[in-house]
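Q: Sequence plus predicted model, see below.
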Amino acid sequence: KVTENAKNSLASLRRENRRLEPTLAIIQAHNDQLIQEANKNFAKEIGLRVIHICLPESSTKDEIVSEILRLNEDPNVQGLALDLPESLYSSKVLNAVKPEKDVDGLSSVNLGHLVHGDVRDCLVPPTVCAVMELLEDIGGKKVLLVGARGAEGAALQSVLRRRGAAVLSCHWKAPQLQSELRHADAVVFGSAKPDDVPVSWVKPGATIINCAHGLSENHSYDQQNNPAAEKTVGSLAVAMRMQNMVKNMERWIQSQQYRKWDLHCLKLQPLSPVPSDIEISRAQSPKAVDVLAKEIGLLTDEIEIYGQTKAKVRLSLLERLKDQPDGKYVLVAGITPTPLGEGKSTVTVGLVQALTAHLNINSFACLRQPSQGPTFGVKGGAAGGGYAQVIPMEEFNLHLTGDIHAITAANNLLAAAIDARILHENTQSDKSLYNRLVPVVNGVRGFSAIQLARLRRLGINKSDPETLTEEEISKFVRLDIDPSTITWQRVVDTNDRFLRKITVGQANTEKGFVRQAQFDIAVASEIMAILALTTSLQDMKERLGKMVVANDQKGEPVTAEDLGVTGALAVLMKDAIKPTLMQTLEGTPVFVHAGPFANIAHGNSSVLADKIALKLVGEKGFVVTEAGFGADIGMEKFFNIKCRASGLVPSVVVLVATVRALKMHGGGPNVTAGAPLKKEYTEENLQLVADGCCNLQKQIQITQLFGVPVVVALNVFKTDSPAEVDLVCKIAKESGAFDAVPCNHWSAGGRGAVKLAQAVEKAANQKNSFKYLYSLELPIVEKIRIIAQKVYGAQDIELSPVAQSQVDRYSRQGFGNLPICMAKTHLSLSHQPERKGVPTGFILPISDVRASIGAGFIYPLVGTMSTMPGLPTRPCFYDIDLDPLTEQVKGLF
């Protein structure tokens, strides 16, 4: 009956989950083949897969625990059971089993639920189930447990008492044993009965249940005046174990479903005047990240915890929730900014705090990881600001979980591989190169997998290294890199202007191979752009292999795959691909992942973070992400590059504006980072504001090109007058914005962005006719022209001879159908930073055209683009310090 019920239940689960392969692992440390066979037979009959891990009887508890921990982390094992000698059943061993895999129900967590009556959250141990099945109605009867110790004994007592039995327990040497046996209606032997305890002591007619006879048959005692039937739990207990495994599968399947959020937001008590960002951050006590993860429906095996407040989230979640509908997708962009920035990150954080902490709507912020260059340079951190920021802000801005360091290591490994390969090819014969590239190991010469792939690309369909001809060997070993065409640079995550041009190879050991090179800042690496655009580990590996690092002497591209380094790069990036979970000041979830440059790259956080967040928030939730610089750059790239890579469709654009920036566009004096603002920016001036709204109107028009509703968020400063705020909102709505809302989240937290959140929620329900700006099939030059004319307002474009030559080369090499990533100043719609407002009639000069083939875009350079910032006269690091007693960071902003 037990087996049949379990079999039918499992069949039902399989009908609903076609790919279900339930696997039970049993760790065995004895030589009882009978028990092993029984486990296999019952499992086979029910339809379970069983793995037996047979350890020696002499195994120590530590060895058992080590095996348990290994199986705990095996995603293909859903249940774990133990068949051990009694001496090994310690709390250390039993509690090593993950509660969610504890089929025998003997861990303290499981027993705690059982004792407290939380039967939905626990499994009754199989032996206990078998005892209860064998006992008749026991309500009001006296049951004696003899020799039943430990977890199993505790479970037995709990279940029997819940069934209404009067339970007593004693050991075999107890002086009152004979008396207790004489009065008990049922006796359960938890361990083997000693010979000096005769069955005649048992009350005549009492039921005896023996839990210690393994799988041997029932015994009957027919002694004078005391006929007593002894029943053993053996086979029944094994069947009950399998039934528990099926129940565990039901729980496991349930755990894999989307979980409703149970988020407990943190309370804010904003102060006036508003303290510094780091003081605000430090005044709030963040939730432990594992608590946050559980609140938003993440499973324990889907997070990798880094300290108390950060955790990596595994990509396996996407497979688990693949059938879960996505939430709404919101992009925060901005008008053409001042050098001070207009607060897109702050608006992003304030918006999700408002949605979740104040409107009770699931939301996730997806932000870029900041480079440490600006953090120690002039800009400072990027965690938002005031009462709308990610915490702890010092952990957000410094190192995080090491993703940028992984990118640096991978990037520089590839750079080293390029120069080393050129050196070795310049100084060795074909034969020497071949012998070193394909060495004899233990008497056998063999190609690696990546070398076999290169042979296939060369049209050499051979796998035996001894069969290549001299010509084939030469083709295989020679990349013939043209040093003058190397585009791959070394990187470091520090603003260091003296690395903008360097000479490498000056040591005598490099045998005269000297060339000019440069360092870029780490976030300018193509590997960072790949991290931001990739959709899976396999996709990342393929993109890394496609990266073009140079051309050969024939003008053909040389890739990371040709250099044989793809696998190694993927290994260095295997953890960086997982988004990092953090939280806002009000305890709402944030993903921090990737931070590509917004000029030579697309300037958006990762596709993977967005995809995971869209599943987690649920169909009615919101994911809010940010685009770098103004809408003409960051938003355009978000739509034409990121959305093409992800296949995601945005619901709403939030366009951030400030009175300060609009006054600048209306003809106000220059705004300089670090210098006090002129009086035009701190006193009411409605004419300047009205004149500057032309830039806001243009950015609204750019958004409308893509068919997405736009809500204007006016980031309010204390120097803004009510009349100025009202004027901006009025003009924005008249210019086609769905709504325009003043926001005070910087000083009030999420409460100051509630109206913005309500406007975004309404806009997300509007008709959405999202479309890309251009077809990928168009020629490269035509795609550049469309962006220049429709987005920037240029009259036309003009390509330099170098740029035209590169366009011709990329088109010839088969890269002409990639999207365009314009590298242009963010301080003007034109190529001239000093031209504010809405410049017209200009010709956009394209000085050069380059390609990030692995990331998947062509990037034209409009003027000169620096990929290595420098330090100012007074960098931020003057104010940054560490308290040696408390280890608290000071001076970050």
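A: Arrived safely, thanks for sending.

Q: Okay, buried residues for the longest helix along the chain please.
A: Scanning the chain for the helix with the most residues, using DSSP state H, yields helix 403-427. For helix 403-427, a neighbour-count test (16 or more other C-beta atoms under 10 Å) marks 403-415, 417-419, 421-423 as buried. The C-beta positions use only the backbone N, C-alpha and C, and glycine is treated the same way.

Q: now swap in stretch 663-681 and tell me
A: For stretch 663-681, the neighbour count (16+ other C-beta under 10 Å) marks 663-666, 668, 671, 677, 680-681 as buried.

Q: Okay, helices next: where are they in the stretch 251-400 of the chain?
A: For the stretch 251-400 of the chain, helices defined by DSSP state H, counting those that start in this stretch occupy the ranges 277-283, 289-295, 316-320, 344-353, 372-376, 393-397.

Q: what's the closest of those to Leu123?
A: Smallest distance to Leu123 across the helices of the stretch 251-400 of the chain (C-beta to C-beta): 20.8 Å, for helix 289-295.

Q: for the record, mean pLDDT for that closest one?
A: The pLDDT scores in helix 289-295 average 97.

Q: Check which helices and strands it sits against.
A: Where contact means 3 or more C-beta pairs under 8 Å, 6 or more residues apart in numbering; DSSP states H and E, helix 289-295 is packed against strand 303-306, strand 310-313, strand 580-584.

Q: now the first one: how far from the chain's centre is it?
A: In other words, strand 303-306. Per C-alpha atoms, centre = their mean, to the nearest Å, the displacement of strand 303-306 from the mean C-alpha position of its chain is 10 Å.

Q: try stretch 37-46
A: Computed by C-alpha atoms, centre = their mean, the chain-centroid distance of stretch 37-46 equals 39 Å.

Q: ok, now stretch 655-672?
A: 37 Å.

Q: same question for it, mean pLDDT?
A: Averaged across stretch 655-672, pLDDT comes to 95.

Q: ranges for the strands of the stretch 401-550 of the chain?
A: In the stretch 401-550 of the chain, strands defined by DSSP state E, counting those that start in this stretch lie at 440-441, 444-445, 490-492, 502-504, 515-517, 519-521, 548-551, listed in chain order.

Q: how about CSV for those, with distance to Arg835, mean pLDDT and mean neighbour count added?
A: As requested, those are exported to CSV (distance: least, C-beta to C-beta, whole Å; pLDDT from 0 to 100; neighbours: other C-beta atoms under 10 Å):
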stretch, distance to Arg835, mean pLDDT, mean neighbour count
strand 440-441, 64, 92, 9
strand 444-445, 64, 92, 10
strand 490-492, 32, 96, 22
strand 502-504, 34, 95, 13
strand 515-517, 34, 95, 15
strand 519-521, 27, 93, 23
strand 548-551, 34, 96, 22
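
Q: Skipping its backbone neighbours, what lies nearest Ala645 in space?
A: Leu533 (4.5 Å; C-beta to C-beta, 6 or more residues apart in numbering).

Q: Spit out the contact partners of that neighbour.
A: By C-beta atoms under 8 Å, 6 or more residues apart in numbering, the contact set of Leu533 is 543, 602, 606-607, 641-642, 645-646, 855-856.

Q: can you tell me how far it sits from Val590?
A: Using C-beta to C-beta, to the nearest Å, Leu533 is found at 20 Å from Val590.

Q: What confidence value was assigned to the residue nearest to Ala645?
A: You'll see Leu533 listed with a pLDDT of 97.

Q: mind checking the SS state of Ala855?
A: Following DSSP: H, G, I helix; E, B strand; the rest coil, we place Ala855 in the coil state.

Q: Now that it has come up, it's in contact with Ser525, right?
A: No - in this structure Ala855 lies outside contact range of Ser525 using C-beta atoms under 8 Å: 9.9 Å.

Q: any idea which of the helices of the stretch 251-400 of the chain is most buried?
A: helix 344-353 (a mean of 30; mean count of other C-beta atoms under 10 Å).

Q: Relative to the whole chain's centre, how far out is stretch 364-380?
A: How far stretch 364-380 lies from its chain's middle: 19 Å, per C-alpha atoms, centre = their mean.

Q: swap in stretch 568-582?
A: Computed by C-alpha atoms, centre = their mean, the chain-centroid distance of stretch 568-582 equals 9 Å.

Q: for stretch 443-451, same thing?
A: The chain centre lies 35 Å from the centre of stretch 443-451; the measure is C-alpha atoms, centre = their mean.

Q: in it, what counts as buried?
A: 447, 450-451.

Q: Sitting in helices, which of those residues do you find?
A: The helices, defined by DSSP H, take in 450-451 from those.

Q: would you turn the buried residues of stretch 443-451 into TSV with distance to Leu844 and pLDDT?
A: Formatted as TSV, the buried residues of stretch 443-451 follow (distance: C-beta to C-beta, whole Å; pLDDT from 0 to 100):
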residue	distance to Leu844	pLDDT
Phe447	49	95
Ile450	42	95
Gln451	45	96
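
Q: out of the buried residues of stretch 443-451, who's nearest Val119?
A: Using C-beta to C-beta, the buried residues of stretch 443-451 come closest to Val119 at Ile450, 54.6 Å.

Q: That closest one against Leu569, yeah?
A: No - contact between Ile450 and Leu569 fails when scored by C-beta under 8 Å: they sit 11.1 Å apart.

Q: related to what we said a few turns ago, would you turn the contacts of Leu533 into JSON lines with neighbour count, pLDDT and distance to Ala753?
A: Below are these laid out as JSON lines (neighbours: other C-beta atoms under 10 Å; pLDDT from 0 to 100; distance: C-beta to C-beta, whole Å):
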{"residue": "Arg543", "neighbour count": "27", "pLDDT": "98", "distance to Ala753": "36"}
{"residue": "His602", "neighbour count": "30", "pLDDT": "90", "distance to Ala753": "26"}
{"residue": "Ser606", "neighbour count": "31", "pLDDT": "97", "distance to Ala753": "24"}
{"residue": "Val607", "neighbour count": "25", "pLDDT": "98", "distance to Ala753": "26"}
{"residue": "Ile641", "neighbour count": "25", "pLDDT": "97", "distance to Ala753": "28"}
{"residue": "Lys642", "neighbour count": "25", "pLDDT": "97", "distance to Ala753": "24"}
{"residue": "Ala645", "neighbour count": "20", "pLDDT": "95", "distance to Ala753": "29"}
{"residue": "Ser646", "neighbour count": "20", "pLDDT": "96", "distance to Ala753": "26"}
{"residue": "Ala855", "neighbour count": "27", "pLDDT": "96", "distance to Ala753": "33"}
{"residue": "Gly856", "neighbour count": "21", "pLDDT": "96", "distance to Ala753": "35"}
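
Q: In JSON lines, list those residues along with distance to Gln284.
A: Shown next, in JSON lines, are the contacts of Leu533 (distance: C-beta to C-beta, whole Å):
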{"residue": "Arg543", "distance to Gln284": "38"}
{"residue": "His602", "distance to Gln284": "32"}
{"residue": "Ser606", "distance to Gln284": "26"}
{"residue": "Val607", "distance to Gln284": "30"}
{"residue": "Ile641", "distance to Gln284": "36"}
{"residue": "Lys642", "distance to Gln284": "32"}
{"residue": "Ala645", "distance to Gln284": "35"}
{"residue": "Ser646", "distance to Gln284": "33"}
{"residue": "Ala855", "distance to Gln284": "37"}
{"residue": "Gly856", "distance to Gln284": "40"}
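
Q: re earlier: by mean pLDDT, show me the worst of the helices of the stretch 251-400 of the chain.
A: helix 372-376 - the lowest mean pLDDT of the helices of the stretch 251-400 of the chain, at a mean of 83.

Q: Return the alpha-carbon coordinates of that helix using CSV.
A: C-alpha atoms of helix 372-376 as CSV (Å, rounded to 0.1, in the frame of the first residue of the first chain):
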residue,chain,number,x,y,z
GLN,A,372,37.4,53.0,-8.5
GLY,A,373,39.0,55.6,-10.8
PRO,A,374,36.2,58.2,-10.3
THR,A,375,35.7,57.1,-6.7
PHE,A,376,39.3,58.3,-5.9
